[in-house]
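1. structure for this input, please:
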Amino acid sequence: MKTRDKLIAAKVAYLKRGFHSDGGNLYLKVRESGGRSWIFRYERAGHQRDLGLGAFPDVSLKQAREKAAKLRRMIVDGLTPVLEKPVQEKNFQQVAVEYIEGQKSGWKNEKHYRQWLSTLEQYAFPSIGRLYPKEIALEHVLRILKPIWESKTETASRVRARLERVLDYAKAHGLRSGDNPAAWKGNLDSILPKASSVTEVEHFKAVSIEVMPDLYESLKKSSAVSALCLRWVILTACRSGEGRGSLWSEIDRHRGTWTIPVARAKTKKAHVVPLSGEMLVVLEKAREYDDGSGLIFPSPSGKTLSDVALAKALKTRLEEGATVHGMRSAFKDWALERCPLIPDHVSEACLAHASGDKVRDAYARTDLVEQKKDLLERWSDYLTCGGAAGY
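-> I've put the predicted structure just below:
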């Protein structure tokens with residue numbers, strides 16, 4: 001006589017009221033109302049205990065047997081039989097927001113957080129936001145990316161990378177399995193063309209080096225802190241955010257340097273800027289705006305100046321389309337044209353450019369403080385002498 005698997009799947013739905021044993025501690029409880037549920041019955045310390053395994057037909061006979069087998073193994077191992085807590089289902093939007101919130105503290109600024117959220121809100125959530133991560137397949141990813149892959153290639157590339165990260169996160173938390181449909185290598189790379197082949201890289205508009213002395217002179221006449229900060233950005237050839245976030249604690253008067261720390265540097269490497277004479281003039285002027293916040297160029301509200309503030313200071317003085325980032329391009333053009341005997345890697349070091357060139361990267365590790373100081377002094381002279389300084 002069978003001691004297990006006594007019940008027949010096709011007859012489970014028709015069994016009358018009562019407890020029906022399948023063997024191996026598994027019972028089907030049929031209520032007077034006709035409702036059916038699975039029970040795992042066992043003894044512990046002389047007392048009978050029942051553990052619910054779920055209602056039929058939501059839990060099939062086969063599934064109930066599998067659950068019962070796991071619980072019996074626990075008893076054999078001397079453990080109290082308990083059901084595994086099911087993973088709480090979350091849709092893609094909930095998982096994405098959870099991932100973003102978890103990463104927020106590791107990102108450099110609030111802007112990065114907002115960009116992550118806005119791109120997914122615009123391109124992903126309307127299409128797959130309500131789907132569970134385990135339901136998302138290649139077809140869903142392509143439905144998001146194809147319409148923008150050629151018209152908004154850079155944005156599409158970012159959306160793809162963010163989809164991949166969120167789906168990896170979902171897999172790590174047991175919310176999906178299998179390959180990532182948003183992965184590029186070995187997946188989308190065989191369907192979509194490379195981003196570089198469908199879009200022309202849009203560079204920031206460079207400013208003619210001939211107008212730089214006049215621009216600098218105009219900025220010197222302004223009493224606005226935004227104009228002073230823009231002078232600093234031009235002189236140091238730094239990035240806008242690095243310049244606007246400059247702190248007095250980063251200035252070393254003894255060594256004559258300004259060090260952009262890892263936490264604020266785009267390249268994730270500390271960047272040392274030797275101070276030229278004109279940079280020291282700017283710092284002296286900045287003392288007038290010192291509000292105790294630690295910022296060298298604080299906004300009127302005591303916070304970091306916005307990129308818009310610098311853009312406005314530039315827009316009133318130069319032609320349409322000129323950007324603050326274009327100041328770095330102007331510095332590079334000047335270095336190439338006016339200082340041809342100075343090795344290219346020196347100006348690249350001043351710009352803190354990341355490079356795939358191992359030789360150049362080796363130079364970068366030495367800081368090149370003296371070489372950078374010489375080049376930045378020449379740049380300061382060019383700007384303050386009306387372009388008369390020649391090299």
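2. going by C-alpha atoms from here, please, whenever you check contacts or count neighbours.
-> Noted.
3. what's the following helix or strand after the lowest-mean-pLDDT helix or strand in the chain?
-> Within the chain, no helix or strand scores below helix 358-364, which has a mean of 48 by mean pLDDT, DSSP states H and E. Downstream of helix 358-364, the next assigned helix or strand under DSSP states H and E is helix 369-384.
4. what's that next one packed up against?
-> helix 212-220, helix 225-236, strand 271-274, helix 277-286, helix 344-351 (3 or more C-alpha pairs under 8 Å, 6 or more residues apart in numbering; DSSP states H and E).
5. with distance to residue 377, mean neighbour count and mean pLDDT as added columns, please give these in JSON lines.
-> What follows is those, written out as JSON lines (distance: least, C-alpha to C-alpha, whole Å; neighbours: other C-alpha atoms under 10 Å; pLDDT from 0 to 100):
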{"stretch": "helix 212-220", "distance to residue 377": "14", "mean neighbour count": "18", "mean pLDDT": "93"}
{"stretch": "helix 225-236", "distance to residue 377": "9", "mean neighbour count": "24", "mean pLDDT": "96"}
{"stretch": "strand 271-274", "distance to residue 377": "9", "mean neighbour count": "24", "mean pLDDT": "95"}
{"stretch": "helix 277-286", "distance to residue 377": "7", "mean neighbour count": "16", "mean pLDDT": "96"}
{"stretch": "helix 344-351", "distance to residue 377": "12", "mean neighbour count": "21", "mean pLDDT": "91"}
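6. for residue 155, find the nearest of the ones you listed.
-> Set against residue 155 and scored by C-alpha to C-alpha, those come closest in helix 344-351, at 25.5 Å.
7. ok now that closest one, how far from the chain's centre?
-> Offset of helix 344-351 from its chain centre (C-alpha atoms, centre = their mean, to the nearest Å): 28 Å.
8. how about residue 79, secondary structure?
-> With DSSP: H, G, I helix; E, B strand; the rest coil as the basis, residue 79 sits in coil.
9. phi first, then psi, for it.
-> With angles defined as degrees, to the nearest 10, residue 79 sits at phi -100, psi 160.
10. equivalent analysis for residue 186, please.
-> According to degrees, to the nearest 10, residue 186 has phi 70, psi 10.
11. distance check, it against residue 147.
-> 21 Å (C-alpha to C-alpha, to the nearest Å).
12. same thing with residue 173?
-> For residue 173, the distance to residue 147 - C-alpha to C-alpha - is 30 Å.
13. now swap in residue 132 and tell me
-> Remark: distance between residue 132 and residue 147 (C-alpha to C-alpha) = 23 Å.
14. these two: which is more packed in?
-> Neighbours were counted for residue 132 and for residue 147 using other C-alpha atoms under 10 Å; residue 132 has more, 18 against 12.
15. from memory that one sits against residue 89, does it?
-> Yes - Residue 132 is within contact range of residue 89, at 7.3 Å (criterion: C-alpha atoms under 8 Å).
16. quick one: contacts for residue 296?
-> 245, 246, 247, 248, 283, 286, 287, 289, 290 (C-alpha atoms under 8 Å, 6 or more residues apart in numbering).
17. give me that answer again for 10 Å
-> When contacts are counted by C-alpha atoms under 10 Å, 6 or more residues apart in numbering, residue 296 touches 225, 229, 243-251, 282-283, 285-290, 304.
18. same check on residue 235?
-> Going by C-alpha under 10 Å, 6+ apart, residue 235 touches 216, 229, 275-276, 278-279, 282, 327-328, 331, 376-377, 379-381, 383.
19. now with 7 Å?
-> Counting by C-alpha atoms under 7 Å, 6 or more residues apart in numbering, residue 235 touches 279, 380.
20. how much space separates it from residue 383?
-> Plainly put, residue 235 is 8 Å away from residue 383 if you go by C-alpha to C-alpha.
21. before we move on, the earlier item: turn the helices and strands packed on helix 369-384 into JSON lines, columns for distance to residue 74.
-> Compiled in JSON lines, the helices and strands packed on helix 369-384 are given as follows (distance: least, C-alpha to C-alpha, whole Å):
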{"stretch": "helix 212-220", "distance to residue 74": "77"}
{"stretch": "helix 225-236", "distance to residue 74": "67"}
{"stretch": "strand 271-274", "distance to residue 74": "59"}
{"stretch": "helix 277-286", "distance to residue 74": "72"}
{"stretch": "helix 344-351", "distance to residue 74": "63"}
